[in-house]
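Engineer: A predicted structure for the sequence below; I have some questions about it.
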Amino acid sequence: MELTLNEIATRVNGVVVGDDKCNIVGVSEIQNSEPGTITFLGNPIYSKFVSSTKAEAIIVTSADYLKGKNGIIVDNPQLAIATVLALFHQKILEKPSIDPTAIIEQDVTLGSNIMIGPGSVIQKGAKIKDGCRIGPKTVIGQNTKLGKDCVLHSNVSLYNDIMIGDRVIIHSGTVIGCDGYGYVTVDSKHEKIPQTGNVVINNDVEIGSNCAIDRATIGSTVIGEMTKIDNLVHIAHNVKIGRGCLLTAGFAVAGSAEIGDYCTFAGQAGIAPHVKIGDRSIVAAKSGVTKSLKGNEVYAGMPAREIKTHNKKMAYINKIERLYERVDRLAQKINVK
């Protein structure tokens, strides 16, 4: 594909600076650019590469960054480059088909324009709506339902009675609907609690590779619409996650916790059971949430506190070494051992 700079600017609602007729054949990184491509400046720390970049044009927020080079001015370069990437890397959808090695059990309902890959198993009573793409060796359990235009990559396992909304993407190795971790200990013996509920994944959710989302003990574990889940995330039984949340790699949440809308959890953050997290909370990496949080704040530390409180405590801790040295010098001065 080849587009002029002006054609790209039209797609991203931007303003061209320089030669609007220059041809663009692809996208590259600003620090590892190639001739004939377009790049972007999403963070000012990369502005040092503007002078040396070989890219034909740069997407920026201000012409001041361009230093005489061709460019497109937009409000949000990251959003613009997402549009450009989609233009140059349009997905070629496989033709609707069911591989002859796939196993389709009785009473399965299949919509139109569906692709089911080699070795996949669709168990009794499952319902799959129009436009779904199911990769090789994926298992869809009994009475599980998939909405329209879902994409399940290879080796995904959906247990029985799972409810998946429209346009959900699930990456390889993820398991949804496995038993929650529930035991009662009596006389030094761990008795398993039956996990009789299910999992509900709402519309436009994306789930990364090798995640585990446990079914509820009773009722449903719920993932709200538009939530995006990174790789290696664990969500325990009966957890309720709101809409539009961002859960990054290594995040884990214990049973029956509730997370509000548009919350963000950085890498390896964790949540204790039964706590409630208010809307628009941001929890820093490796933080541990042990008590409910009101929301609309940034939290950090173990236990997680509002970031101002956390930073103040860390500042005190950093002063301890200097305080010790001062006390030691004073002790030596007055000959105290």
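Structural biologist: Arrived safely.
Engineer: any idea how this protein splits into domains?
Structural biologist: 3-88, 97-307 (automatic domain parsing).
Engineer: need the winner for burial among those domains.
Structural biologist: Per residue and on average, the most neighbours among those fall to domain 97-307, with a mean of 19 (mean count of other Cβ atoms under 10 Å). Just so you know, the C-beta spots here come from the backbone N, C-alpha and C atoms, and that holds for glycine as well.
Engineer: now tabulate the domains of the chain in a markdown table and tack on mean pLDDT and distance to I334.
Structural biologist: Putting the domains of the chain into a markdown table (pLDDT from 0 to 100; distance: least, Cβ to Cβ, whole Å) gives the following:
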| stretch | mean pLDDT | distance to I334 |
| --- | --- | --- |
| domain 3-88 | 95 | 51 |
| domain 97-307 | 97 | 37 |
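Engineer: adding distance to I320, write the ones you listed out as JSON lines.
Structural biologist: Listed next are the domains of the chain as JSON lines, based on distance: least, Cβ to Cβ, whole Å:
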{"stretch": "domain 3-88", "distance to I320": "33"}
{"stretch": "domain 97-307", "distance to I320": "17"}
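Engineer: so which of those gets nearest K319?
Structural biologist: domain 97-307 (17.0 Å; Cβ to Cβ).
Engineer: ends of the closest one, how far apart?
Structural biologist: By Cα to Cα, to the nearest Å, the extent of domain 97-307 from end to end equals 52 Å.
Engineer: phi, psi of the closest residue to I193 other than its chain neighbours?
Structural biologist: Nearest residue to I193 in three dimensions, chain neighbours excluded: G182, at 3.7 Å (Cβ to Cβ, 6 or more residues apart in numbering). Dihedral angles of G182 (phi, psi; degrees, to the nearest 10) stand at phi -130, psi 120.
Engineer: how much space between G182 and G219?
Structural biologist: 13 Å (Cβ to Cβ, to the nearest Å).
Engineer: now S188
Structural biologist: 30 Å.
Engineer: check K313 too.
Structural biologist: K313 is 38 Å from G219, by Cβ to Cβ.
Engineer: same check, this time on M115
Structural biologist: 33 Å.
Engineer: which residue ranges of the protein form helices?
Structural biologist: With DSSP state H as the criterion, the chain has helices at 5-12, 77-88, 307-333.
Engineer: let's have the ones you listed in CSV, adding distance to D261.
Structural biologist: Listed next are those as CSV, based on distance: least, Cβ to Cβ, whole Å:
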stretch, distance to D261
helix 5-12, 28
helix 77-88, 21
helix 307-333, 20
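Engineer: out of these, nearest to N202?
Structural biologist: helix 77-88 (22.5 Å).
Engineer: show me what the closest one is packed against.
Structural biologist: Counting contacts by 3 or more Cβ pairs under 8 Å, 6 or more residues apart in numbering; DSSP states H and E, helix 77-88 is packed against helix 5-12, strand 26-27, strand 37-40, strand 57-60.
Engineer: export the ones you listed as TSV, with columns for distance to A269.
Structural biologist: Shown next, in TSV, are those (distance: least, Cβ to Cβ, whole Å):
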stretch	distance to A269
helix 5-12	33
strand 26-27	32
strand 37-40	29
strand 57-60	32
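Engineer: between the ones you listed, which one is closest to K95.
Structural biologist: Checked against Cβ to Cβ, the stretch from those lying closest is strand 26-27, at 26.5 Å.
Engineer: off-centre distance for that closest one?
Structural biologist: Computed by Cα atoms, centre = their mean, to the nearest Å, the separation of strand 26-27 from the middle of its chain amounts to 25 Å.
Engineer: tell me the strands beside it, with direction?
Structural biologist: Counting by DSSP bridges, the strands paired with strand 26-27 are strand 37-40 (parallel).
Engineer: for the closest residue to L85 other than its chain neighbours, which residues make a bridge with it?
Structural biologist: For L85, ignoring the flanking residues on the chain, the nearest one in space by Cβ to Cβ, 6+ apart is V27 at 5.7 Å. Beta-bridge partners of V27, counted by DSSP bridges, are I38.
Engineer: return stretch 142-152 as CSV; C-alpha atoms alone will do.
Structural biologist: Taking Å, rounded to 0.1, in the frame of the first residue of the first chain, the C-alpha atoms of stretch 142-152 are listed here in CSV:
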residue,chain,number,x,y,z
GLN,A,142,-20.9,-27.2,27.2
ASN,A,143,-23.6,-24.5,27.0
THR,A,144,-21.0,-21.7,26.6
LYS,A,145,-22.1,-18.8,24.4
LEU,A,146,-20.0,-16.5,22.2
GLY,A,147,-21.3,-13.2,20.9
LYS,A,148,-20.7,-11.8,17.4
ASP,A,149,-17.3,-11.3,15.9
CYS,A,150,-15.2,-12.8,18.7
VAL,A,151,-11.6,-14.0,18.1
LEU,A,152,-10.3,-16.9,20.1
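Engineer: who touches it?
Structural biologist: Contact with stretch 142-152 is made by 111, 123-135, 138, 140, 158-170, 177, 203, as judged by Cβ atoms under 8 Å, 6 or more residues apart in numbering.
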